[in-house]
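K.L.:
structure here, sequence nowhere to be found:
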């Protein structure tokens, strides 16, 4: 893993995998990092949070969630996704540039940078 700075994450990311959640049927799940803020969209709603103090001791502020409703199964998966994201306390970039988000030593979420 590469030792990143907060600026290393700036830009848009597409979620590829979330531990314990089947996201195969979802349209793009993405988030954008910009100057200590994480903006994102999941199948039904959007979210915003800030993070800090550093990437190895990460804490998120409470998520500001907005948007609409979906079918029950999608809403359950989305809730589980947001719960997993809320558990993240460190982030790293793999050698191939993939973002890996952890709860201590347990990887929870994998994403790739949106080309562009």
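P.N.:
Cool, the structure landed. Every value quoted in this text rests on a predicted model; they were computed, and no experiment measured them.
K.L.:
quick check: closest non-adjacent residue to residue 104.
P.N.:
Sequence neighbours aside, residue 89 is the residue nearest to residue 104 in space, at 6.5 Å (criterion: Cβ to Cβ, 6 or more residues apart in numbering). For the C-beta atoms, the positions are set from N, CA and C on the backbone; glycine is no exception.
K.L.:
how far away is that neighbour from residue 110?
P.N.:
Residue 89 sits 16 Å away from residue 110, going by Cβ to Cβ, to the nearest Å.
K.L.:
who does the longest strand belonging to the chain pair up with?
P.N.:
Longest strand in the chain, counting residues (DSSP state E): strand 45-54. Its sheet considered, strand 45-54 pairs with strand 37-41 (antiparallel), strand 57-60 (antiparallel), strand 64-67 (antiparallel) by DSSP bridges.
K.L.:
quick check: phi and psi on residue 69?
P.N.:
The phi and psi values for residue 69, taken as degrees, to the nearest 10, are phi -110, psi 160.
K.L.:
was I right to think it contacts residue 44?
P.N.:
Yes. Shown here, residue 69 and residue 44 form a contact pair, counting by Cβ atoms under 8 Å, at 6.2 Å.
K.L.:
give me the more crowded residue out of the two.
P.N.:
residue 44 (17 against 9; other Cβ atoms under 10 Å).
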